[in-house]
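A.B. asks: show me how the following folds:
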Amino acid sequence: MTIQMDDKDYKKYKEFIDKINQNFKNVLLRCMKLGIEKRIVMQDRRGQY
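C.D. replies: All right, here's what the predicted structure looks like:
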């Protein structure tokens, strides 16, 4: 199934997808940072015992 789009629609669609991807990347990065911080904290705690 192919979707017929003219350039204007395609640009709008692409901007929309790019925005979603950017948001997703930001969320992913934030989660990764939090995960890394948690892992470091857990390692620190484990090191104390």
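
A.B. asks: count of residues packed around residue 30?
C.D. replies: The tally of other residues near residue 30 (other C-beta atoms under 10 Å) stands at 10. No exception for glycine: its C-beta is placed from N, CA and C like everyone else's.

A.B. asks: quick check: it vs residue 45, distance?
C.D. replies: Taking C-beta to C-beta, to the nearest Å as the measure, residue 30 and residue 45 are separated by 23 Å.

A.B. asks: same check on residue 10?
C.D. replies: Look at residue 10 and residue 45: by C-beta to C-beta, they are 52 Å apart.

A.B. asks: pLDDT wise, what is the residue positioned nearest the centre of the chain at?
C.D. replies: Nearest to the geometric centre of the chain sits residue 25, at 2.1 Å (C-alpha atoms, centre = their mean). The score at residue 25 is 90. That number is its pLDDT.

A.B. asks: start the count at 30, not 1, going forward
C.D. replies: Sure, I'll start counting at 30 from here, so that last one is residue 54.

A.B. asks: which element is it on?
C.D. replies: Using DSSP states H and E, residue 54 sits in helix 36-77.
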